Each structure stands twice: as C-alpha cells, then as structure tokens.
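# with the input below, show me the fold.
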Amino acid sequence: MSDQHKPPVSELEALETYRRVFYASPDYISFSRLADGRYIDVNPAFERFTGLTRLEAIGRTSFDIGLYPYPEERAAFVAALLPSGVLHGYSAHLRNGNKEVRNVEVSANIATLNGDQAIIAIVRDVTERKRNDEELKLYRERLEQLVGQRTAELQQANAQLQETNRKLEHAHNQLLQTEKMASIGQLAAGLAHEINNPIAFVNSNLNSLESYVNGLLQVIAAYERIGTAPTDMPQQLRAIDAVRNEVDLAYIRADAYTLLNESKEGMLRVTKIVQDLRDFSHFGATEWQPADLHAGLNSTLNLLSHEIKPRATVIKEYGALPAVECQPLELNQVFMSMLLNAAQAIQGHGRIVIRTGTAQDMVWVEFEDNGVGIRPEILTRIFDPFFTTRPLGQGTGLGLSLAYGIVQKHNGRIEVESKVGSGTRFRIWLPVRRAEAAAEA
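Modelled structure (predicted):
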C-alpha cells in the first residue's frame, strides 16, 4: 500500500485507543445485530461475566446463552432503545456464569457496522452498589427508626423530668410555706402575749370603772330624791353623805382618771402592734414596688420584741437608703429570719447591731451578733434546706434557705462571716432597681 492510501495517523491512534478501551474495560461490551440479536463481538469483560469465550458467544443470542433471567426485560430494553437509538443507565437483571442474577446498568446506542444495524452495549455490574445502596437505605431507615425511638424516649424522659421538676417545685413551695407558717406561728405567739398584756389590764380597768359608774349612779339617785321630798332637806343631805361614803366618791374621783389613762395607753399599744403587723405584712401589696427598708426593719423589730428583748440589746446604725424596688413582705421575712437567728445564737444577754448603707446602685443591710458563732466546716451549708444546728424539734432548718431564695429572687446576694465564740455577721446586698426595670430604663 502506497503512502497516499495509508489512513491518517490520527485515525490509527483512534483505533488503537478504541481497541485498548474495548479490551481493558472493566464493563462488558458487546456488539449484536439489531435484527436477530446475535453477537458480533464481545470483550474480555463479557467473557469473565458469562464464563463463555469470545468464540463461544459470537453468533449466539442472549437467549441462547441464558443471559436474561427475565426475558421480558430484553424486549423492554430494545423498546426503550429504538426511539432515539441511544440509551443511558438502563436497569436490568442478567445471569452470570455462576448462575447468579446480577443487577446491571446498560448504556447502548444503535450503529451501522458492515451495512447492518447493530447494538453496541456497555454493561456495568452494579450488584454490589445496589446491595450497598439497599444496606445504606436499611441503615438509614433503621437510624431514622432509632432516632425516632430515641427522640420519643427523650421526649418522654423530658416530660417525666418536667413533671419531676413540677413536683419538686411544688414540694419546695410547700416547704417554704411550712417555714412561713412556722414563722407566723412564732410571731403569732409573741403577738398574743404582747396584745394580751394591755388587753388584760384594760379589761380589769373596765371592770373597776363599771363599779365606779354604779357608785356614781347611786350618788346621782340620792341627789335626785331631794327633788321628790324637799321638806326633809337635812335628812336627805345625811342620806347623800352616807351614799358618798359608801361608794368612796373621793377614791373614785382620784382613781378614775388613772384608770382611763392606763386604758388609753393599753389601747395605743395594741394599735401600735396592729400597725406594725400591717407594715410588716404590707397588706394588699404583693407586687414589686419601691419600699423603705428601714420601715420594714423597724416593724419587724417591734413584732419580734418579745423574742429579742430578753436576749439582746438592739443597736441601729442606719445609713441613708433610697427606696428599693422589691417585694416588701418577702424582705421582711428575710429580716425576721436574720433577727431570730441572731437572737437564738446569743447565750445570756448580748447585742445585735443592724447597719445599712449603699454602694453604687446597691444597698446593703447587715446583721451582726455576738453569739456563739458558726463552725467553719458547716458555714457553707447554712443555706441548705433542712440544715440546722438546733436540737431536734426546735427548728425546721428552712429559715436561712428561705431567706437565701428570696434574696436571689431579688437579684441580690448574702455574705456571711463568723468566728466561733465571737459572733456572726450577715450582709444582704440588694439592687436599688430590679433587673427588668433597669433594662427598660
């Protein structure tokens, strides 16, 4: 062949490239006539898949070699290919040389070879990929199932936790209410004593005044008889003198005003106790409001005087305080807990010093006693619920815990210093304005 009849180099290279792809491809490639489906040529990958040699396959059809386990898929494949002559990624099932049914994807086109139309098919075994996809799908479904199950369990656990928290909060509120009622009971016992004393002598004075009034009415009746029998004046005057002496009019005149003054003083004491109770409890004032802490301290001291006076002398070292935005009744309960603890810590007769002051946007209230003090190993536990150093049955152990919770609610803090044998100092810090109001400003 002369040089002018040799194919161009580029065509030779293309043929060589095609040959290499055909023989080296891991996917099996086959050429078959469109008319009868007989194989024209197959590559080594086809041989490996089917277990047939190239010569054994050429001239036979896919049905001859039992390639299709489901013959209808071959007809469906051709029907899908014919309209455009090109097909990509067609899914089918083929039987390999080991009689295993494999999942494959077929890409094909129709071309003319030696004047006949032929199907060039490239087949890729995707069984492992399909299996992996199925396993992945199963894993995904199982994971989704596990996630759903775990989510349901977490939701149930969360619901149980919320219910537990609700019960704990309810129990905590009940415990706080118990402490409040215990404090109120202690307060009521003292108030009953404070009120009974003036009421008792007012009642006694009223009995005496009743007797005096009866005597005065007898004297008045004697004078009235003069008008009914004026002719016997000397005898009537003697009768009047006898009545005056009998009722001891001179003593009544001297003692009546004393009894009245004592009674008024007793009623003033009762009125003062009631007013202190109103100031302490802030009747009708449950919302946050500006309050005078000194007024709260004074009313609490007055109500606890029966508890404190026998144990300690109270020294007030008040500084200038602004009105503090707070819930006054709750802070008064804190003051009551602090004062009762201070009084109960004193052996014999001691002193309690109450100090107040300010620092920037905070105020502080300090209670210092010269009682027995608190041991260092238990100092960190004094705010724990139910913790008490008092004998069994002489305290709930909730007073300081309640106080701590109230101060925290007010965005404040409590500092404590103590030395065994010297006494204890509590300092309560409170913001002048609560956080929400300060943020809005």
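
# quick one: contacts for the most centrally placed residue in the chain?
The centroid of the chain falls nearest to residue 165 when counting by CA atoms, centre = their mean (7.9 Å). By CB atoms under 8 Å, 6 or more residues apart in numbering, no residues touch residue 165. Any C-beta I mention is one placed from the backbone N, CA and C, and that applies to glycine too.

# surely it is in a helix?
Yes. Using DSSP: H, G, I helix; E, B strand; the rest coil, the assignment for residue 165 is a helix.

# domains in the chain, by residue range?
As given by automatic domain parsing, the domain ranges for the chain are 3-125, 132-278, 282-440.

# average pLDDT across the helix or strand harbouring residue 402?
For residue 402, the host element (DSSP states H and E) is helix 399-409. Helix 399-409 comes out with an average pLDDT of 87.

# again with stretch 113-129
Averaging pLDDT along stretch 113-129 gives 92.

# likewise for stretch 430-441?
Averaged across stretch 430-441, the pLDDT comes to 71.

# separation between the closest residue to residue 291 other than its chain neighbours and residue 215?
When the adjacent residues along the chain are set aside, residue 291 lies closest to residue 328, with 4.2 Å between them (CB to CB, 6 or more residues apart in numbering). To residue 215, residue 328 is 51 Å away according to CB to CB, to the nearest Å.

# neighbour count winner among these two?
Between residue 328 and residue 215, counting by other CB atoms under 10 Å, residue 328 is the more crowded of the two (23 against 18).

# hmm, residue 243 is touching residue 219, no?
Yes. In this structure residue 243 lies within contact range of residue 219 using CB atoms under 8 Å: 5.4 Å.

# can you pull out the strands in the stretch 1-150 of the chain?
Applying DSSP state E, counting those that start in this stretch to the stretch 1-150 of the chain gives strands spanning 28-33, 39-42, 86-95, 101-113, 116-125.

# now do the longest one: distance to the chain's middle.
Translated: strand 101-113. Centre-to-centre, strand 101-113 and its host chain are 66 Å apart (CA atoms, centre = their mean, to the nearest Å).

# 55 is where my numbering starts, stick with that
Okay, residue one is now 55; in that scheme the one you just asked about reads as strand 155-167.

# related to what we said a few turns ago, could you give me the buried positions within the helix holding residue 456?
Across helix 453-463, burial judged by 16 or more other CB atoms under 10 Å covers 453, 454, 455, 456, 457, 458, 459, 460, 461.

# which strands and helices sit next to that helix?
Packing partners of helix 453-463 (3 or more CB pairs under 8 Å, 6 or more residues apart in numbering; DSSP states H and E): helix 181-282, helix 382-398, strand 467-473.

# kindly recompute the last result at 6 Å.
On a contact count with 3 or more CB pairs under 6 Å, 6 or more residues apart in numbering; DSSP states H and E, helix 453-463 meets helix 382-398.

# the helix it packs on vs helix 181-282, what angle?
On the basis of axes from the mean of the first three to the mean of the last three CA atoms, to 10 degrees, helix 382-398 is oriented at 80 degrees to helix 181-282.

# name the residues that touch helix 382-398?
334-336, 345, 350-351, 354, 358, 361-362, 365-366, 406, 421, 423, 453, 457, 460, 480 (CB atoms under 6 Å, 6 or more residues apart in numbering).

# ok, now stretch 138-152?
Residues outside stretch 138-152 that contact it (CB under 6 Å, 6+ apart): 103-105, 120-121, 123-124, 127, 131, 134-135, 155-156, 158-164.

# just to revisit the earlier point, of the strands of the stretch 55-204 of the chain, which is nearest residue 399?
The closest of the strands of the stretch 55-204 of the chain to residue 399 is strand 155-167. By CB to CB, the value is 86.3 Å.

# and the angle from the closest one to strand 82-87?
For strand 155-167 and strand 82-87, the angle between their directions (the same axes, to 10 degrees) works out to 50 degrees.

# for strand 155-167, which positions count as buried?
156, 157, 158, 159, 160, 162, 164.

# and the pLDDT at the fourth one?
Per-residue confidence at residue 159 stands at 95 (pLDDT).

# from residue 178, how far off is it?
Going from residue 159 to residue 178 by CB to CB gives 5 Å.

# need the phi and psi values for residue 488.
phi -70, psi 160 (degrees, to the nearest 10).
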